[in-house]
Structure formats: C-alpha cells, structure tokens
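Enquirer: Below: sequence and its predicted model.
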Amino acid sequence: MIQLVGQHAWRADSTAATIDVDQARRGVDQARRKVGQLVHASALADLSAVDRSFLAAMAHDDGPSRMGDIASRLGVDATYASQYRLRLIAAEVIEPRGHGLVDFTLPGLRDYLREHAASSH
C-alpha cells in the first residue's frame, strides 16, 4: 500500500521535486482504489450473495461486530447468521474476536464495503 501511495503521488506531478499534501492525498485515494480492485474485490468474488450481505451488515460497525446486530440487520435468526459466520471464517474473510463477536481479517475491507455495498441485504 505504501508503495502504491508513493507511486500515485509521484504520478500526480512527476515534474515536482517533492510531494505536497494534495499529491499525497490523491496518492492515498488512488492506492486505496487499486487495493480494493486487486485485493478486496477478488476476496469477495467467490462469495455468495448472502455472504456478501453478511459482510455488508458487518461494515456498519467501526470495530468488531456483534452477531446479534448482524442477524438483526439481515432480518434473520441467530442460527441462520451463525452458518454464514462459519462459512466466512472458513474462507478466512472474518475471524472471531471474543464471545459473539467477529471482525474482518483483511485490512481496509470494512471501508471498501462501505464504499461499494449497495445495501446491507
């Protein structure tokens, strides 16, 4: 990610002797989009629509998500939600973070989902 930020920041104005704040911000934005395309979109591509809905429901939270909140957002019962929890843990997209809590394993996936998920279900 750092290399991508630098590459895009320099590309913003390759004639500049230094990178200014605006170039750095553009570099960060472009690098985030590229990581989203290469890493996050690829990680989501093989998941079912319900798997992706589960992840979108998680993306509402700023930290680890409570399973009860996810089930509520999806409008399903705890047993149904726990089946998708197990699937996503096996796929190494999420991980347990304590009793009844899960979180994303991929850095930046929460933000990617917030930007790209049309809805949480």
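Expert: Received it, and whenever you're ready, just let me know what you need. Residues are numbered from 1 along each chain as shown.
Enquirer: Next one: the spatially most central residue of the chain from Pro64, what distance?
Expert: In the chain, the centroid-proximal residue (Cα atoms, centre = their mean) is Leu109; its distance is 1.3 Å. Separation of Leu109 from Pro64 (Cβ to Cβ, to the nearest Å) stands at 13 Å. To be clear about C-beta, it is placed using only N, CA and C from the backbone, and glycine gets the same treatment.
Enquirer: what packs against the longest helix seen in the chain?
Expert: The helix spanning the most residues in the chain, taking DSSP state H as the definition, is helix 21-35. Under the contact criterion of 3 or more Cβ pairs under 8 Å, 6 or more residues apart in numbering; DSSP states H and E, helix 21-35 touches helix 2-12.
Enquirer: how about the helix it packs on: buried residues?
Expert: By 16 or more other Cβ atoms under 10 Å, the buried positions in helix 2-12 come out as 4-5, 8-9, 12.
Enquirer: and what of stretch 25-33?
Expert: For stretch 25-33, a neighbour-count test (16+ other Cβ under 10 Å) marks 26-27, 30-32 as buried.
Enquirer: who touches it?
Expert: Residues outside stretch 25-33 that contact it (Cβ atoms under 8 Å, 6 or more residues apart in numbering): 1, 4-12, 19, 108, 111.
Enquirer: Recalculate using a threshold of 6 Å.
Expert: For stretch 25-33, contacts defined as Cβ atoms under 6 Å, 6 or more residues apart in numbering pick out 1, 4-5, 8-9, 12.
Enquirer: confidence score at the closest residue to Val102 other than its chain neighbours?
Expert: Of all residues not flanking Val102 in the chain, Ile94 sits nearest, at 4.8 Å (Cβ to Cβ, 6 or more residues apart in numbering). On pLDDT, Ile94 comes in at 98.
Enquirer: Ok, Leu38 next?
Expert: 63.
Enquirer: One more: Ser72?
Expert: As predicted, Ser72 sits at a pLDDT of 98.
Enquirer: ok, now which ones touch it?
Expert: Counting by Cβ under 6 Å, 6+ apart, Ser72 has no contacts.
Enquirer: doesn't it fall inside a strand?
Expert: No - counting by DSSP: H, G, I helix; E, B strand; the rest coil, Ser72 is not found in a strand; it is helix.
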